[in-house]
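Student: got a sequence here, can you build the structure:
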Amino acid sequence: MKKFLFFLIVLALGAYAGAAYMFGGQAREQYFSALEKYERYGFFSLANQSYERGFFTSTAQTVVELRVPEGLADSNANETVSFVVSHDLRHGPLTGEGADFFRKPGLMRVVSTVEPLATDQMSQGLFSRIPELAQATSEVLVGFDGEVAGDVLVPAIDRTIDGEHVVWGGLALQGEYVPLTRSVRGEVTMPSLMVKTGDGTMELEALSSDFDLVEVLPLVYAGQVDAGISAMNFIPAEGDAVRVRNLRISSNSSCDGSLYNYAQVLGVESVSVSGATYGPASCELAGKNIDAAAMSEFQISLQQLYHSMTDTDSEIFFDQVGELYAGLFTKILAGKPELHMPLLQVTTPMGEFTGAFSVKLLSPVADTTLNPLLLLQHLEADAKMAAHEELLKGLLRIALEKEHVEGDLETVVQQRYAEQIEPLLARNLIVREDGSIKTQAMFSQGRLTVNGQDMPLF
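Tutor: Purely as a prediction, here's the structure:
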């Protein structure tokens, strides 16, 4: 089942990418140029199977080969699955047909479909058991200035596979790329997904995302991204169900000269489990003064690594990725990066929790990023939190229930709570205010203070 879901995701991406290869210039030259550029990329590779050029239309077939990740493969041996993306290229300047013949002017229109590879048994088996896969389509219109607008449609599926029932509402993707402004925008919608196994049922409802981005540096994009899921249900065969309502994620980023900034908001309306409902909850994050050139260099190096290595599950691959991240981290710390969480708020039946923190790195000198003790001298941070006392007691009660303590549970809760809280109150490390426990910590110039009191670091 995991392999099937993995294949569905890559199928949609492969069909769209296969059509998008064609934009700009002469179709044949662009097609083979794109194949050469993306011939190998990590776990998948591309190869031309045929190309026939005509006066008004051309046709092409691209073989997409996927290496199944080790965790999804049926055996330890390298397992691959291949399928064919067939492209129908309709040359401009009028690329429409029928009643739309004059309504779609452009350099070309590319319509793509997918089908199994005749020589690949796994591919034949997948398309035989799930014939809806062959109904996935993609259409791309290439404009006179090289702009690209297209969509991908993957049909709904209702099948029982290996004893597991999958009901998928399909997927629709629409996108547009404008090379003049290096902007990309689009939206993705998935009405529903239900997977029922012997262990339980997972349900997703109304998943959607839209994006409006600009490539500010090579492989570095800034702009707006929004995503949401109306409902998520996890219903185990035994135990309590978990139900999540209205999960929303929003990200807004920009690049001011050489510095990248972003702000993200994560929110959820409610989470229900064991008869209790938690929420709403929200979290805000922001990053400032991030070295955009370092991000671009990292993305280019990572892309080159995926082009050069086929085994992305190997230790060698992960070691090299780790080295790239270490280099990125060092370069970002060499500037004046900031990380803020202005708000974390969670509402529960037992009370509310709120928190916030901020971290700034101020003008580090050379080589301090390699020495944590020196780095601390250039670090400024502050954090604060507040938790309702009934919430803290409730969390303690849950922990004690798991310990199966002797005696009256509520009496033990009150006793243990006092034993843990009162000494901290006496030292002024926390304060009691309006039924909540609060604290605030600040770090500056190598000194840590908690509620105004100096605290030793070591």
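
Student: contacts and neighbour counts: CA atoms only from here.
Tutor: Noted.

Student: what segments of the stretch 51-200 of the chain are strands?
Tutor: In the stretch 51-200 of the chain, the segments counted as strands under DSSP state E, counting those that start in this stretch are 57-67, 80-91, 108-116, 137-142, 148-154, 157-161, 164-168, 171-178, 183-197, 200-217.

Student: rebuild those as a markdown table, extending it with mean pLDDT.
Tutor: Output for the strands of the stretch 51-200 of the chain, formatted as a markdown table (pLDDT from 0 to 100):
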| stretch | mean pLDDT |
| --- | --- |
| strand 57-67 | 84 |
| strand 80-91 | 84 |
| strand 108-116 | 86 |
| strand 137-142 | 87 |
| strand 148-154 | 89 |
| strand 157-161 | 86 |
| strand 164-168 | 90 |
| strand 171-178 | 92 |
| strand 183-197 | 93 |
| strand 200-217 | 94 |
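
Student: could I get these as JSON lines with distance to Gln420 and mean neighbour count?
Tutor: Converted to JSON lines, the strands of the stretch 51-200 of the chain look like this (distance: least, CA to CA, whole Å; neighbours: other CA atoms under 10 Å):
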{"stretch": "strand 57-67", "distance to Gln420": "54", "mean neighbour count": "20"}
{"stretch": "strand 80-91", "distance to Gln420": "56", "mean neighbour count": "22"}
{"stretch": "strand 108-116", "distance to Gln420": "63", "mean neighbour count": "25"}
{"stretch": "strand 137-142", "distance to Gln420": "62", "mean neighbour count": "26"}
{"stretch": "strand 148-154", "distance to Gln420": "56", "mean neighbour count": "22"}
{"stretch": "strand 157-161", "distance to Gln420": "53", "mean neighbour count": "15"}
{"stretch": "strand 164-168", "distance to Gln420": "49", "mean neighbour count": "17"}
{"stretch": "strand 171-178", "distance to Gln420": "52", "mean neighbour count": "19"}
{"stretch": "strand 183-197", "distance to Gln420": "44", "mean neighbour count": "18"}
{"stretch": "strand 200-217", "distance to Gln420": "40", "mean neighbour count": "18"}
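
Student: now for these, which one comes closest to Thr347?
Tutor: Among these, the nearest to Thr347 by CA to CA is strand 200-217 (23.5 Å).

Student: got CSV for the strands of the stretch 51-200 of the chain, with distance to Tyr51 too?
Tutor: Putting those into CSV (distance: least, CA to CA, whole Å) gives the following:
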stretch, distance to Tyr51
strand 57-67, 4
strand 80-91, 9
strand 108-116, 14
strand 137-142, 18
strand 148-154, 22
strand 157-161, 31
strand 164-168, 34
strand 171-178, 25
strand 183-197, 29
strand 200-217, 32
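
Student: which one of those lies closest to Glu389?
Tutor: Among the strands of the stretch 51-200 of the chain, strand 200-217 comes nearest to Glu389, with 34.7 Å by CA to CA.

Student: okay, now the sheet partners of the closest one, with direction.
Tutor: strand 183-197 (antiparallel), strand 220-236 (antiparallel) (DSSP bridges).

Student: roughly how far apart are Leu171 and Leu207?
Tutor: Leu171 sits at a distance of 10 Å from Leu207 (criterion: CA to CA, to the nearest Å).

Student: wait, Asn451
Tutor: Separation of Asn451 from Leu207 (CA to CA): 44 Å.

Student: can you check Thr312 too?
Tutor: 29 Å.

Student: so the residue located most distally from the centre of the chain, which of the three states?
Tutor: For the chain, the residue at maximal distance from the C-alpha centroid (CA atoms, centre = their mean) is Gly407, at 47.7 Å. With DSSP: H, G, I helix; E, B strand; the rest coil as the basis, Gly407 sits in coil.

Student: pLDDT at it, what is it?
Tutor: pLDDT, Gly407: 80.

Student: now the phi/psi pair for it, please.
Tutor: Gly407 has phi and psi values of phi 90, psi -180 when expressed as degrees, to the nearest 10.

Student: how about Leu107?
Tutor: The phi and psi values for Leu107, taken as degrees, to the nearest 10, are phi -70, psi -40.

Student: distance of it relative to Thr57?
Tutor: 12 Å.

Student: so what sits against both of these two?
Tutor: His91 (CA atoms under 8 Å, 6 or more residues apart in numbering).

Student: which residues does the residue farthest from the centre of the chain contact?
Tutor: With contacts taken as CA under 8 Å, 6+ apart, Gly407 has no neighbouring residues.

Student: so how far is Glu176 from it?
Tutor: The gap separating Gly407 from Glu176 is 66 Å, by CA to CA.

Student: now do Ala156
Tutor: Ala156 sits 24 Å away from Glu176, going by CA to CA.

Student: what's the answer for Leu35, then?
Tutor: 21 Å.

Student: ok, Ala149 next?
Tutor: Remark: distance between Ala149 and Glu176 (CA to CA) = 4 Å.

Student: and Gly146, by the same measure?
Tutor: Distance from Gly146 to Glu176, counting by CA to CA: 11 Å.

Student: ok, Leu333 next?
Tutor: Taking CA to CA, one finds Leu333 at 35 Å from Glu176.

Student: again with Arg40
Tutor: Per CA to CA, Arg40 is found 25 Å from Glu176.

Student: ok, now Glu433?
Tutor: Counting by CA to CA, the gap from Glu433 to Glu176 is 54 Å.

Student: tell me the contacts of Leu324?
Tutor: Taking CA under 8 Å, 6+ apart, we find Leu324 in contact with 298, 301-302.

Student: revised request: answer the last question for Lys393.
Tutor: Going by CA under 8 Å, 6+ apart, Lys393 touches 413-414, 417.

Student: does it count as helix, strand or coil?
Tutor: Taken by three-state DSSP, the conformation at Lys393 corresponds to helix.

Student: how close does it get to Glu433?
Tutor: For Lys393, the distance to Glu433 (CA to CA) stands at 16 Å.

Student: Thr348 too?
Tutor: Distance, Thr348 to Glu433, by CA to CA: 19 Å.

Student: out of the two, which sits in the busier spot?
Tutor: A direct count of neighbours by other CA atoms under 10 Å for Thr348 and Glu433 places Thr348 higher, at 17 against 11.

Student: beta partners for the nearest residue to that one once chain neighbours are set aside?
Tutor: Nearest residue to Thr348 in three dimensions, chain neighbours excluded: Tyr278, at 4.6 Å (CA to CA, 6 or more residues apart in numbering). Beta bridges link Tyr278 to Val271, judged by DSSP bridges.

Student: cool, and Thr113?
Tutor: Ser86, Thr137.

Student: these two touch, right, it and Val140?
Tutor: No - Thr113 is beyond contact range of Val140, at 11.9 Å (criterion: CA atoms under 8 Å).

Student: out of the strands paired with strand 200-217, which is closest to Asp291?
Tutor: Closest approach to Asp291 among the strands paired with strand 200-217 is made by strand 220-236 (11.0 Å; CA to CA).
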